[in-house]
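Asks: Structure, please.
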Amino acid sequence: MTTKLHHELDELATIFERTNPTLPNTGDKFVQYSNAAEEAIGSAFEYLVLLHAGIHSFKAHSELLNTSHEHSNTSSANDESIVTAVVKKLELSTIPIPTFRGDIWDLDNF
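Replies: Modelled structure (predicted):
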């Protein structure tokens, strides 16, 4: 029974090969599609990182605006509010600047 089944399957395979002699190489297509999928996943990951950075930046900026937000007490019809940004003073560390005292041996350090 199994030999007859093998024989019939071989005949079916030869008939199929005769009717479709040029089948596309599925291995090449698989590599092509997997490379395209890897690129799409990589791009999606990059966009996800950028999106998370933008969300974090937006949250930090909105918290800054919420802490420095002052409501206007004017009796205008629009009841507009004034937003002021609080600028923190930039503190730099001191950098020692060498001075030349006229000694030729100190010239290398100057």
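
Asks: Let's verify residue 89: helix, strand, or coil?
Replies: Assigned state for residue 89: coil (three-state reduction, DSSP: H, G, I helix; E, B strand; the rest coil).

Asks: Residue 98 too?
Replies: On the three-state scheme (three-state DSSP), residue 98 is labelled coil.

Asks: any idea how far residue 52 is from the residue nearest to the spatial centre of the chain?
Replies: In the chain, the centroid-proximal residue (C-alpha atoms, centre = their mean) is residue 46; its distance is 2.5 Å. To residue 52, residue 46 is 11 Å away according to C-beta to C-beta, to the nearest Å. All C-beta spots, glycine's among them, are computed from the backbone N, C-alpha and C.

Asks: How about the contacts made by the residue nearest to the centre of the chain?
Replies: Residues near residue 46 by C-beta atoms under 8 Å, 6 or more residues apart in numbering: none.

Asks: what helix or strand is it on?
Replies: Per DSSP states H and E: residue 46 is located in helix 26-67.

Asks: could you check the distance from the residue nearest to the centre of the chain over to residue 38?
Replies: Taking C-beta to C-beta as the measure, residue 46 and residue 38 are separated by 13 Å.

Asks: And for residue 25?
Replies: For residue 25, the distance to residue 38 (C-beta to C-beta) stands at 20 Å.

Asks: and if you look at residue 101?
Replies: 64 Å.

Asks: repeat for residue 99
Replies: Counting by C-beta to C-beta, the separation of residue 99 from residue 38 is 60 Å.
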